[in-house]
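S.K.: could you look at this predicted model? Sequence included:
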Amino acid sequence: MRRTRVAWTVSVIGHAMLLLWGMITFVIKPLEATPMESLAVDVVSDAEFSQITAGVRSAKKTEAPKPLVEKLGDTKPVEELTKTVEKKPEIKTASAEPMPPPPEPRKPDPKPEKSKSEPQKPKAEEKKPDEKKVEEKKPEPAKAETKPEPKADPKPDPIAEALKKAEEQKKQAEEQKKKDEQKKAEEKRKEEQRKKAEEKKRKEEERRKEIAERERQQTFDPSRIAALLDKRDAQRQAATGDTLNQTASLGLPTGRAAMLTQSEIDALRAQIQACWNPPAGAMEGSELIVKVRLMLRQDGSLEADPVLLNRGSHPYFQVAAESALRAIRRCQPYRLPIAKYQIWKDVEVTFDPRDMYRG
Amino acid sequence: MNPADIPSVAASADLSIFTLFWQAHWVVKLVMSGLIACSIWVWAIAIDKFLLYSRTTQAMNKFEQAFWSGQSLEELYRALAAKPNHSMAALFVAAMREWKRSFEGQSRSFAGLQMRIEKVMDVTISREVERLEKRLLVLATVGSASPFVGLFGTVWGIMNSFQSIAASKNTSLAVVAPGIAEALFATAIGLVAAIPATIFYNKFASEVAKHTARLEGFADEFSAILSRQIDERA
């Protein structure tokens, strides 16, 4: 049939043309994904955030960034816990010098206002040289006697005997004289000590007065009347330090404050654990881990009562926590690097009784 | 597609229609070529039917004009009986032939003439409708089945490309994409074949119904005329 043939040819030709058109126009172009500008996002944890030195972008550049301090911390004198060796006057024995000059009056303590606990210390130190002197003087006459003996022994001589006697008499007289002088010197020294103690007491009183005055000045600040009248409990602790610093610094290049190293934290824990008697039933102790927050003064003593940070459901937990708190109170003051006081003035310590039993 | 020639597939940057077809699995190829053939067939049928219906409508219009022009039915019959006729003309010729046979013979049989004429016209109508409806079913079938055939090709192709991924142990998009693209091509061809088929089927079905109604109307009218003639002569 003519009509059907026409239809078929038209259809085939149409499809062929469509395919041809598709081949020409259906060109695959590579997808051009416009590159997105990437946004760097830092995830800052709570711990990291608290370690960031409080910095403001518009702050002035300073050499050493200071932490923000809103309140002057307690300026307690630092007690030197390790005993330093002090220079003592050289002790000269009688044998070296036949006529010892009367002992020089001891020089006054180089640092009289060093600390409160000093009055006991110098006393103990001062006793020592006396004993030493006495001890060292004892062998002295024997030395003098033994010297001529080896020579005299082979030939006993009346003249020599007489000489010896004379010598002995002379020595005894000398000794007597020396003893008298020593007594005098001791008396003198005691007097000096008394004087010194008095002076120290006076100085201390003066200083106490000064501190009290300063405190009064600090407490009564007319510009802070609103704050003084505010009787609500503080919502947070003011950042304390040795110097007031109201403006935030620019921040460290790393943006990270100095941290206590693990060994320093361990050292603190070791000091506490020395006093700690964990409860006997705390053998299976993963539930008895006690976290405590300590606030320390610069001298290593506790500024406030330690705060228990976690709670446990274990029957022994309360006992363990109490024992830990007791240990903390008992073992103060703690020895920690003074340079990092800003960090360890507020630390968290974790007590794990398993560590104790593990040894 | 073997797992071995995955790299070559990944490497070929041009993904024209021809390469898409050529790199496909043979089952997918078969599906694609079958669907293309279906599309060609559908369009051929559509063009054929379109021509047929337009011509039929034209012929009907012309015949009706001639029929109602007041021309003698004998003359009209003589003019139309010579050449093969379709639709309304065929109906008229069939009815007139039966009429003539009833009158031209020696034994005039008026008794069942009315019934015979109607029967002849019914048969002619059904034959004409059958001619008009011929191969419309192909359109219906292609319209409903080819999406599924295309989908089968796609599923097969994707299955193959996933097997290739498993074999090459490389899940980069460059390895996966060509296989999936050529698999989706099968669905595309299926839809290309199915959409015109469905549209044409609906259009032609309504056209056939229109023609049938027109034929039946003419048949009723003509049978009424003939019946009056029979009653007058009897």
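M.R.: Okay, I see it.

S.K.: what segments of chain A are strands?
M.R.: If you assign secondary structure with DSSP state E, the strands in chain A sit at A:71-72, A:240-241, A:290-295, A:307-308, A:346-351.

S.K.: mind telling me which of the ones you listed the model trusts least?
M.R.: When mean pLDDT is averaged over each of those, strand A:240-241 scores lowest at a mean of 62.

S.K.: now render the strands of chain A as JSON lines, adding mean neighbour count and distance to chain B.
M.R.: All C-beta atoms are positioned from the backbone trio N, CA, C, and that covers glycine. Shown next, in JSON lines, are the strands of chain A (neighbours: other Cβ atoms under 10 Å in any protein chain shown; distance: least, Cβ to the nearest Cβ, whole Å):
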{"stretch": "strand A:71-72", "mean neighbour count": "12", "distance to chain B": "61"}
{"stretch": "strand A:240-241", "mean neighbour count": "18", "distance to chain B": "58"}
{"stretch": "strand A:290-295", "mean neighbour count": "19", "distance to chain B": "47"}
{"stretch": "strand A:307-308", "mean neighbour count": "14", "distance to chain B": "53"}
{"stretch": "strand A:346-351", "mean neighbour count": "17", "distance to chain B": "45"}
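
S.K.: which of the ones you listed sits closest to residue A:213?
M.R.: strand A:71-72 (14.3 Å; Cβ to Cβ).

S.K.: name the residues of chain A found near chain B, please.
M.R.: A:3-4, A:6-8, A:10-12, A:14-15, A:19, A:22-23, A:26-28, A:30 (Cβ under 8 Å from any Cβ of the partner chain).

S.K.: check contacts around the closest residue to residue B:45 other than its chain neighbours.
M.R.: Using Cβ to Cβ, 6 or more residues apart in numbering or on different chains and skipping the chain neighbours, the partner closest in space to residue B:45 is residue B:135 (5.1 Å). With contact taken as Cβ atoms under 8 Å, 6 or more residues apart in numbering or on different chains, residue B:135 is in contact with B:45, B:48, B:49.

S.K.: what's the helix or strand where the second one lies packed up against?
M.R.: When elements are assigned from DSSP states H and E, residue B:48 belongs to helix B:26-67. Based on contacts counted as 3 or more Cβ pairs under 8 Å, 6 or more residues apart in numbering or on different chains; DSSP states H and E, the elements that helix B:26-67 packs against are helix A:2-25, helix B:87-104, helix B:113-133, helix B:136-168, helix B:173-233.

S.K.: if you set the cut-off to 10 Å instead, what comes out?
M.R.: Counting contacts by 3 or more Cβ pairs under 10 Å, 6 or more residues apart in numbering or on different chains; DSSP states H and E, helix B:26-67 is packed against helix A:2-25, helix B:17-22, helix B:73-81, helix B:87-104, helix B:113-133, helix B:136-168, helix B:173-233.

S.K.: that helix versus helix B:173-233: what angle between them?
M.R.: Between helix B:26-67 and helix B:173-233, the angle comes out at 20 degrees (axes from the mean of the first three to the mean of the last three Cα atoms, to 10 degrees).

S.K.: centre of the chain versus helix B:26-67, how much separation?
M.R.: Relative to its chain's centre, helix B:26-67 lies at 6 Å (Cα atoms, centre = their mean, to the nearest Å).

S.K.: for the record, mean pLDDT for that helix?
M.R.: Averaged across helix B:26-67, the pLDDT comes to 91.

S.K.: contacting residues around the closest residue to residue A:27 other than its chain neighbours?
M.R.: Using Cβ to Cβ, 6+ apart and skipping residues adjacent in sequence, the residue nearest residue A:27 is residue B:16, 7.1 Å away. Counting by Cβ atoms under 10 Å, 6 or more residues apart in numbering or on different chains, residue B:16 makes contact with A:22, A:23, A:24, A:26, A:27, A:28, B:22.

S.K.: look up how far residue A:15 lies from residue B:16.
M.R.: 17 Å (Cβ to Cβ, to the nearest Å).

S.K.: ok, residue A:350 next?
M.R.: 80 Å.

S.K.: so what does the longest helix seen in chain A touch, helix or strand wise?
M.R.: Criterion DSSP state H: the longest helix present in chain A is helix A:158-219. When contacts are defined as 3+ Cβ pairs under 10 Å, 6+ apart, helix A:158-219 sits against strand A:71-72, helix A:120-137, helix A:139-146, helix A:149-152.

S.K.: 8 Å - rerun?
M.R.: Using 3+ Cβ pairs under 8 Å, 6+ apart as the contact test, the elements touching helix A:158-219 are helix A:120-137, helix A:139-146.

S.K.: so which of the strands of chain A is nearest residue A:168?
M.R.: strand A:290-295 (69.1 Å).

S.K.: export the closest one as PDB, just CAs?
M.R.: C-alpha atoms of strand A:290-295 as PDB (Å, rounded to 0.1, in the frame of the first residue of the first chain):
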ATOM      1  CA  VAL A 290      36.700  11.600  93.500                       C
ATOM      2  CA  LYS A 291      37.300  14.900  91.800                       C
ATOM      3  CA  VAL A 292      38.100  17.900  94.000                       C
ATOM      4  CA  ARG A 293      38.600  21.500  93.100                       C
ATOM      5  CA  LEU A 294      41.400  23.200  95.100                       C
ATOM      6  CA  MET A 295      42.000  26.900  95.400                       C
END
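
S.K.: contacting residues around it?
M.R.: Strand A:290-295 has contacts (Cβ under 8 Å, 6+ apart) with A:302-304, A:306-310, A:312, A:317, A:320-321, A:324-325, A:328, A:345-351.

S.K.: given it, what are its sheet partners and their directions?
M.R.: With DSSP bridges as the test, strand A:290-295 is paired with strand A:307-308 (antiparallel), strand A:346-351 (antiparallel).

S.K.: near chain A, which residues of chain B show up?
M.R.: B:13-18, B:36, B:39-48, B:51-52.

S.K.: buried ones among these?
M.R.: When the residues of chain B next to chain A are checked for burial by 16 or more other Cβ atoms under 10 Å in any protein chain shown, the buried set is B:15, B:17, B:36, B:39-48, B:51-52.

S.K.: pLDDT weak spots in chain B?
M.R.: B:1-15, B:84, B:105-109, B:234 (pLDDT under 70).

S.K.: can you pull up the most central residue in chain B?
M.R.: residue B:136 (2.7 Å; Cα atoms, centre = their mean).

S.K.: mind checking how far that one is from chain A?
M.R.: According to Cβ to the nearest Cβ, to the nearest Å, residue B:136 and chain A sit 14 Å apart.

S.K.: so that residue touches residue B:203, yeah?
M.R.: No: with contacts counted by Cβ atoms under 8 Å, residue B:136 stays clear of residue B:203, the gap being 10.1 Å.

S.K.: domain assignment for chain A?
M.R.: A:58-73+A:242-256, A:76-229, A:262-358 (automatic domain parsing).

S.K.: could you tell me the least trusted of the ones you listed?
M.R.: domain A:58-73+A:242-256 (a mean of 61).

S.K.: chain A: which of the contacts of residue B:135 is nearest?
M.R.: residue B:48 (3.6 Å; Cβ to the nearest Cβ).

S.K.: which residues touch the closest residue to that closest one other than its chain neighbours?
M.R.: Excluding the flanking residues, the one nearest residue B:48 by Cβ to Cβ, 6+ apart is residue A:7, at 3.6 Å. Contact analysis of residue A:7 by Cβ under 8 Å, 6+ apart lists B:44, B:45, B:46, B:47, B:48, B:51.

S.K.: in space, what's closest to the first one - neighbours in sequence excluded?
M.R.: Put plainly, it is residue B:44. residue A:11 is the one closest to residue B:44 (Cβ to Cβ, 6+ apart), at 3.8 Å.

S.K.: same check, this time on residue B:216
M.R.: residue B:125 (6.3 Å).

S.K.: just to check, the one you found is in contact with residue B:218?
M.R.: No: if you go by Cβ under 8 Å, residue B:125 and residue B:218 don't touch, sitting 9.1 Å apart.
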